[in-house]
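1. sequence unavailable; structure follows:
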């Protein structure tokens, strides 16, 4: 009985094996079933690979670590209208995916909720109550025009604190927008304030609020609009009048300061207690024609730069720390910023001329130190009307000196009287040097006080003097040779793109790094690289469709088929 049953099963298996090996229809149905099944399972997989050069579709490691360590619940209400022009939907979908990725880092503490105000008037009112205003879209076709108001904003809540991102539309920005907003919520709850102060002594550029007085020698847009919105207001202090408060850890001075001995003493003692000092000195000055600024950089007849009195006194003070600033302007045609009117060259090319006194530094040209935290992630930076720097390491033997920015070769130094107008400078043909000129220095370590050797003011008593950097602290002096690095002048069309994309992120990151924070350093540079979304070409679309629909499933199907055929061919009767 058992023997007959075994023979029956064997006969059935042999017939099935014969049918598999001989029936083309059965094989076709089997392949088709596997093909459909594999496509279904592959399409359900969540696969993400960021192949962009700036990794703009991925969170940086520092942001991931910050999000993982959030200990209190943050609610993110994202309002995105669904009825918007089709060409804008791709960006919104990418931003929504990035928001989901942010939530997935810490789903217990980050609560993400999407709302579509196009669904109901109640959701429209909820968006308004959350502080979100609609954005205006215009679509113009031949013979018609459409206007659409759409919500593209995010509101973040933490207990009683509230932050609004009015427009969250670009994936390059969303990481910085969310992480910085969460940090603001935490800072508000803990009532934390900025530890930055800007010096306003005579001779220095002033951070006056943006308005009619804004110009090349002010930097209020950066301080009042960009810095304060993220970190709180910066204090304004005169070193000549009072000591630097203990809660201030970072100082900025822009221009050529007229410090008294008391002022120098206050700066020196700030450094001795481990302070961080960023100096953007000015040694040559010129005037601009304000009536023509809106049409471009028209320095015109007032464009004569000349040395400012007082540079000797500043260099006497700075030389104690091993640095001095040249009374010159750095000229480098290969690093010049393209600007001015569009011209046709002798070779027939059409383009803008390069202005060799506004230097565009780049990583590709090896203008930045790749080992220093301030510059290792930096791609570009604009240094308008920069001066040369020199240094002497012997002045502070217990400090580390590092050139963090320098020119490319073939630079020249223009001294004394220099006409800086576009037309005048275009006619210059100065003698070039192959040496690279230092443009920024980072000096940090254990400093010796300027007043340990020179006590020239009777108001300075020995008992008040800190003779060297306090044990366990590190003093730091950063000298960047352009007084226009964050000038309000840079909002003009010629400079605006680099100002927003490079200079502003650099200065904000410098503040963060000097405070020991790294969360958004990489992300700020990434968000500034707005790369256009290029559609796939026809051949690329065909290639990706083949890979997605046919190639991957077919590889798996063929493997399964040959595996099954191999196993079936090995079956024999006993």
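-> Great, that's in hand. Bear in mind that the values here come from a model prediction, so they are computed numbers and not experimental data.

2. mind listing what's buried along the strand of greatest length in the chain?
-> Using DSSP state E, we find that the single longest strand of the chain is strand 350-362. For strand 350-362, the neighbour count (16 or more other Cβ atoms under 10 Å) marks 353, 354, 355, 356, 357, 358, 359, 360, 361 as buried. From N, CA and C alone the C-beta is placed, and that goes for glycine too.

3. what residues are bridge-paired with residue 147?
-> Residue 147 has these beta-bridge partners by DSSP bridges: residue 138.

4. was I right to think it contacts residue 85?
-> No - judged on Cβ atoms under 8 Å, residue 147 makes no contact with residue 85 at a distance of 10.6 Å.

5. neighbour count winner among these two?
-> residue 85 (12 against 9; other Cβ atoms under 10 Å).

6. any idea how far that one is from residue 269?
-> 60 Å (Cβ to Cβ, to the nearest Å).

7. roughly how far apart are residue 89 and residue 149?
-> Taken as Cβ to Cβ, the span from residue 89 to residue 149 is 16 Å.

8. meant to ask about residue 243
-> 54 Å.

9. if we can go back for a sec, what angle separates the helix or strand following the longest strand of the chain from strand 350-362?
-> Counting by DSSP states H and E, the element after strand 350-362 in chain order, helix or strand, is strand 380-384. Using axes from the mean of the first three to the mean of the last three Cα atoms, to 10 degrees, one finds that strand 380-384 and strand 350-362 are set 100 degrees apart in direction.

10. same for strand 380-384, what does it pack against?
-> strand 350-362, helix 493-498 (3 or more Cβ pairs under 8 Å, 6 or more residues apart in numbering; DSSP states H and E).

11. least reliable of these going by mean pLDDT?
-> Mean pLDDT per stretch puts strand 350-362 lowest among the helices and strands packed on strand 380-384, at a mean of 82.

12. quick revisit: which one among the buried residues of strand 350-362 gets closest to residue 407?
-> Within the buried residues of strand 350-362, the smallest distance to residue 407 is 7.0 Å, found for residue 359 (Cβ to Cβ).

13. I'd like to know how far the closest one sits from residue 421.
-> 17 Å.

14. next one: residue 310
-> 25 Å.

15. give me the more crowded residue out of the two.
-> A direct count of neighbours by other Cβ under 10 Å for residue 310 and residue 421 places residue 421 higher, at 19 against 16.

16. so for that one, what's the nearest residue that isn't a sequence neighbour?
-> Among residues not flanking residue 421 along the chain, residue 303 sits closest, at 3.8 Å (Cβ to Cβ, 6 or more residues apart in numbering).

17. burial of the one you found, as a residue count?
-> 20.

18. equivalent analysis for residue 372, please.
-> By other Cβ under 10 Å, 18 other residues sit near residue 372.

19. what backbone torsions are found at it?
-> The phi/psi pair for residue 372 (degrees, to the nearest 10) reads phi -90, psi 140.

20. I'd say it and residue 402 touch.
-> Yes - counting by Cβ under 8 Å, residue 402 is a contact partner of residue 372 at 5.7 Å.

21. partners of the spatially closest residue to residue 131 that is not a sequence neighbour in the sheet?
-> Using Cβ to Cβ, 6+ apart and skipping residues adjacent in sequence, the residue nearest residue 131 is residue 164, 4.1 Å away. Beta bridges link residue 164 to residue 155, judged by DSSP bridges.

22. I'd like to know how far residue 164 sits from residue 183.
-> Distance of residue 164 to residue 183, given as Cβ to Cβ: 15 Å.
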